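S.K.: structure for this input, please:
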Amino acid sequence: MSDLLEVIELTKFFDMGRNQRVHAVENVSLTIAEKEIVGLVGESGSGKSTLGKTVLGLHDKTSGQVKFRGEVLPQKYQAKDFRRFATNMQMIFQDPYSSLNPRMTIGEIVGEGLKLHQNHDPSIVRDKVAVWLEKVGLHADHMSRYPHEFSGGQRQRIGIARAMILEPEFVVCDEPISALDVSVQAQVINLLGELKESMGLTLLFIAHDLSMVRYVSDRMAVMYLGSLVEVGKADEVYFDPKHPYTEVLIGSNPEPDPELERSRPSTAIQGEIPSPVNVPAGCRFANRCPKVMDVCKNITPQLIPLKDIERQVACHLYT
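M.R.: Residues are numbered from 1 along each chain as shown. The predicted model follows:
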């Protein structure tokens, strides 16, 4: 299976003035094969959404490269670049409330991409919008309505239809289920699974729910304070984590059995996340790690492959 997308030492800093900058994403390298789902997990503020937006050109790259089918994507996108690559790569945004223009009808929102990138006749656009609304579980007569008339789950379906109507090859799903009820989450996940099978999609699936990421993903990448700390097959990472951060992150995942959840000891991660403005030397997880060593506080570990298993880990325990 060939790589569809390749991220090479990608870095994104946000300048704050006064010689300060936020280290949102730093030296991230990741490959995603065709028709593969890679789950990206980590605490809030770890840089997951920034990574997804930088890959798609919504944020300019500070350094590093992104390759799509072997072609190096621009460091800073121009209007012509968005027009060219929008039919190949799309994004489902995290917030189904703020990501839809309240002044546009659903028909205008979903069909906007076709008008901008494929210049179809209005009647063809309307027909395609109707088809995609039906595919995501809505009705064609919803086209004349506005976003405020829909629930959160319905708005997320509208966002999915907007992204998928251009039939892209690669989609970044930025926490598409985080704002939804549990029952609606399952519906959206099943919908994405059906679209993956029917369209041959490749997905970067960003989420907080590790059990959900394990369920939908082929591989899992764990991110902490702007850097990847572990990458491997989803089931193997979930049931046999190697990095201490991955261990405590999975340990903090609640058990579905209330009695078992109440009886097990607390697995909350101790300490506070360091500031992304003043990133400490050495391992970024050192101040919270239960297995910290002296070398961790001085030398930054690199993401390296482990012997005998298909896993990459950035930890001095394995060097």
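S.K.: tell me where the chain has strands.
M.R.: With DSSP state E, the ranges of strands along the chain come out as 3-17, 20-33, 37-41, 63-68, 71-72, 89-92, 170-174, 202-206, 219-224, 227-233, 304-305, 311-313.
S.K.: who's in contact with the fifth one?
M.R.: Contacting residues not belonging to strand 71-72 are listed as Gln65, Val66 [CB atoms under 8 Å, 6 or more residues apart in numbering]. For every residue, glycine as well, the C-beta is placed using N, CA and C.
S.K.: how about 10 Å then?
M.R.: With CB atoms under 10 Å, 6 or more residues apart in numbering as the test, strand 71-72 has contacts from Glu6, Ile8, Gln65, Val66, Phe85.
S.K.: pull out the buried members of the residues you listed.
M.R.: Listed as buried from these are Glu6, Val66, Phe85; burial here means 16 or more other CB atoms under 10 Å.
S.K.: which of these lies closest to Ser263?
M.R.: Glu6 (45.3 Å; CB to CB).
S.K.: what sits against that closest one?
M.R.: Glu6 sits next to Ser29, Leu30, Thr31, Ile32, Gln65, Val66, Lys67, Phe68, Arg69, Gly70, Val72 when contact means CB under 10 Å, 6+ apart.
S.K.: ends of stretch 31-45, how far apart?
M.R.: 22 Å (CA to CA, to the nearest Å).
S.K.: cool, stretch 201-215 as well?
M.R.: One end of stretch 201-215 sits 17 Å from the other (CA to CA).
S.K.: and it, what's buried?
M.R.: Across stretch 201-215, burial judged by 16+ other CB under 10 Å covers 201-210, 212-214.
S.K.: sorry, back to before: for the strands of the chain, give me JSON lines that also has distance to Ala286.
M.R.: Shown next, in JSON lines, are those (distance: least, CB to CB, whole Å):
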{"stretch": "strand 3-17", "distance to Ala286": "21"}
{"stretch": "strand 20-33", "distance to Ala286": "16"}
{"stretch": "strand 37-41", "distance to Ala286": "20"}
{"stretch": "strand 63-68", "distance to Ala286": "24"}
{"stretch": "strand 71-72", "distance to Ala286": "34"}
{"stretch": "strand 89-92", "distance to Ala286": "33"}
{"stretch": "strand 170-174", "distance to Ala286": "29"}
{"stretch": "strand 202-206", "distance to Ala286": "25"}
{"stretch": "strand 219-224", "distance to Ala286": "11"}
{"stretch": "strand 227-233", "distance to Ala286": "12"}
{"stretch": "strand 304-305", "distance to Ala286": "18"}
{"stretch": "strand 311-313", "distance to Ala286": "15"}
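S.K.: cool, thanks, talk later.
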